[in-house]
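**Q** sequence plus the predicted model coming up.
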Amino acid sequence: MKVDVLLGLQWGDEGKGKVVDVLTPRYDVVARFQGGPNAGHTLEFEGQKYVLRSIPSGIFQGDKVNIIGNGVVLDPALFKAEAEALEASGHNLKERLHISKKAHLILPTHRILDAAYEAAKGDAKVGTTGKGIGPTYTDKVSRNGLRVGDILHNFEQKYAEAKARHEQILEGLNYEYDLTELEKTWLEGIEYLKQFPLVDSEHEINNLLNSGKTVLCEGAQGTMLDVDFGSYPFVTSSNTICAGACTGLGVAPNKIGEVYGIFKAYCTRVGAGPFPTELFDKTGDQICTLGHEFGSVTGRKRRCGWIDLVALKYAIMVDGVTKLIMMKSDVLDSFETIKACVAYKMNGEEIDYFPYDINEGIEPVYVELPGWETDMTRMQSEDEFPEEFNAYLTFLEEQLGVPIKIVSVGPDRGQTIERYTEE
């Protein structure tokens, strides 16, 4: 058996949560492999809206095993709030949500450090969500981190030492803060964590595979936010690419099966950083409004632009994508003309590959396609697609070299159309 991997191919917010929820009936296990509670997956079904931050999106399917892998960084306070809200809506988590002992803990002082570092950068801010993700991964890499498994062994001493080290740094940054309330809710979260199965997730995943179980690995954020291959330094602190599933769950590279790559019919980005196809006009505002492009965790307005096929081809290459999933097609339903970026102009030269740095001087080269100007939200199958929309899909597949297997025409679970179903 092999694991299948589901990834965002742009700058995050592609709609991964909904797709995982649609795909989970085919899998026995859903596992999250990287990132922290800055990544919100919004799911809508049966008239209810749910935002997941750390919990895998398979949690809504009653009989699935859900695993928070070792590559995730977990804030016990935020996890408790998220889990209790789900339990209140009738989902039994404690039996079917397993947490890796090797996942690193976000401490209250990590959140303070996050704010202090951003404040110190002034105009050079990265635009973090202030959730303490970066400082937690920093501690992990410098071998100073606390892990979930540590709460079972001499935890008070380990926590006190980590906290003292952070407070020394904060003193040097001359940053004022009050830890009282943060620490109180965090320690309550630590006690709450103990009620869940804390596991060696690398053994569990491989044992499940060996027993014939099907596993879907769920990524957070998007490929263009990968710490190695994204638009550095305006990236997240983990590996969001397919290889992150190997290190974030303990899965060998030869155990990777299908790689589902998710992208929007256009492009968005949150926070600071380069964005070649960003629109600063009425069209950009219209896409933002129609697509409800506001962060599910932060509420921040997302920057909007046309689809960037240069960045998308790059993401497909580094991820090894085998099947594409296009989200939010319906947002473009009313546009007379659709644009797609097929190359960049850089220093007077046209290039069709993603360069080392896209921070400045990049001008997108567009191809224009006719819009479909049809409401697609009620469509049930690809037979109903307008001719112009089919032409857009064909153009994208020719450019990207990978089939678009699923098309989303609205936020609800039911507004999801599978293509190539005769295979």
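**A** Thanks, I have it.
**Q** how close does residue 173 get to residue 36?
**A** 22 Å (C-beta to C-beta, to the nearest Å). Backbone N, C-alpha and C define where each C-beta goes, glycine included.
**Q** higher neighbour count, those two?
**A** A side-by-side neighbour count of residue 173 and residue 36, using other C-beta atoms under 10 Å, places residue 36 first with 28 against 13.
**Q** tell me the confidence at the more buried one?
**A** You'll see residue 36 listed with a pLDDT of 90.
**Q** what does the one 4 residues further on give?
**A** According to the prediction, residue 40 has pLDDT 65.
**Q** go on, residue 18?
**A** The model's pLDDT for residue 18 equals 79.
**Q** that one contacts residue 410, correct?
**A** No - counting by C-beta atoms under 8 Å, residue 18 does not reach residue 410; the two are 9.7 Å apart.
**Q** those two - which one has more neighbours?
**A** residue 18 (25 against 19).
**Q** helices and strands around the longest helix along the chain, which ones?
**A** For the chain, the helix with the greatest residue count under DSSP state H is helix 155-173. Helix 155-173 sits against helix 108-121, with contacts defined as 3 or more C-beta pairs under 8 Å, 6 or more residues apart in numbering; DSSP states H and E.
**Q** centre of the chain versus the helix it packs on, how much separation?
**A** Its chain's C-alpha centre and that of helix 108-121 lie 22 Å apart, by C-alpha atoms, centre = their mean, to the nearest Å.
**Q** C-terminal to it, what's the next element?
**A** Where DSSP states H and E defines the elements, the next helix or strand beyond helix 108-121 is helix 133-141.
**Q** what angle separates that next one from helix 155-173?
**A** 120 degrees (axes from the mean of the first three to the mean of the last three C-alpha atoms, to 10 degrees).
**Q** alpha carbons only: can I get helix 133-141 in CSV?
**A** Extracted in CSV, the C-alpha atoms of helix 133-141 (Å, rounded to 0.1, in the frame of the first residue of the first chain):
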residue,chain,number,x,y,z
ILE,A,133,5.0,28.9,14.3
GLY,A,134,8.4,30.3,13.2
PRO,A,135,10.0,30.4,16.7
THR,A,136,8.7,26.9,17.4
TYR,A,137,10.4,25.5,14.2
THR,A,138,13.5,27.5,15.1
ASP,A,139,13.7,25.8,18.5
LYS,A,140,13.1,22.4,16.7
VAL,A,141,16.0,22.9,14.3
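**Q** what comes up buried for stretch 270-277?
**A** By neighbour count on 16 or more other C-beta atoms under 10 Å, the buried set for stretch 270-277 is 270-273, 275-277.
**Q** now for this structure, the helix or strand with the poorest mean pLDDT.
**A** Every helix and strand of the chain was ranked by mean pLDDT, DSSP states H and E. The lowest is strand 41-45, at a mean of 67.
**Q** pull up the pairing partners for the following helix or strand past that strand, direction included.
**A** Proceeding C-terminally, strand 41-45 gives way to strand 48-52 as the next helix or strand, assigned by DSSP H and E. Neighbouring strands of strand 48-52 in its sheet, by DSSP bridges, are strand 41-45 (antiparallel).
**Q** mind giving me the domain split of this protein?
**A** 1-100+204-258, 102-192, 264-317+326-400+409-416 (the TED database).
**Q** that'll do, ta.
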